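1. coords please:
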Amino acid sequence: MKKAIIIGLIFVSILLSGCNTNKLSSAEFTNTTPAKIKIYNLTYLMTDEVLATNVVEKQIGKITQIQAIVSYSEDQNPYKSPSKVFEIKDINIEEAIAIKVNDKLYKAYIKKIE
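-> This next block holds a predicted model:
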């Protein structure tokens, strides 16, 4: 009986996770200074401005590819774990986004074409 309940719970969790209609976009992170984030064919430059969690809105992407251009020692790496990309409240994504790196949210501005 216990086994049937566990199997049932696993089955339900698989079904629920498969029903996620909010498709996140893949993003690329380049560990230069400043770090570059590419998403939606746009390039953003990460700042050192840390944002509060209440100024970000829904997650729009996740880092699926990391370009390690610069070699850092493990304890000196400022970009250990880039993970998620978010919209910022009241700011168009064609201006800026938020990116979660090392459990902090950083603002990243659109890169201006020179």
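2. Every contact and neighbour count from this point should use C-alpha atoms.
-> Fine.
3. where along the chain do the helices fall?
-> Taking DSSP state H as the criterion, the chain carries its helices at 2-18.
4. low pLDDT regions in it?
-> 1-22, 113-114 (pLDDT under 70).
5. residue ranges for the strands of it, please.
-> Under the criterion DSSP state E, the chain contains strands at 25-30, 36-39, 42-51, 56-67, 82-88, 96-101, 104-110.
6. who's in contact with the first one?
-> Strand 25-30 is contacted from outside by 35-40, 60-69, 82, 85, using CA atoms under 8 Å, 6 or more residues apart in numbering.
7. Spatially nearest residue to the spatially most central residue of the chain (excluding sequence neighbours)?
-> For the chain, K84 is the residue whose C-alpha lies nearest the centre (CA atoms, centre = their mean; 1.5 Å). Of all residues not flanking K84 in the chain, K62 sits nearest, at 4.4 Å (CA to CA, 6 or more residues apart in numbering).
8. isn't that neighbour right up against K23?
-> No. The criterion here is CA atoms under 8 Å, and K62 misses it with K23 at 10.2 Å.
9. Please identify which of these two sits among more neighbours.
-> More neighbours surround K62 than the other of K62 and K23, with 20 against 9 (other CA atoms under 10 Å).
10. how close does the residue nearest to K84 get to D90?
-> For K62, the distance to D90 equals 21 Å [CA to CA, to the nearest Å].
11. now I39
-> 19 Å.
12. Which one of the two is surrounded by more residues?
-> Comparing I39 with D90 by other CA under 10 Å, the one with more neighbours is I39, at 19 against 9.
13. can you pull the contacts of that one?
-> With CA under 8 Å, 6+ apart, I39 has these contacts: S25, S26, A27, E28, G61.
14. And for K104?
-> Neighbours of K104 in contact, by CA under 8 Å, 6+ apart: V50, L51.
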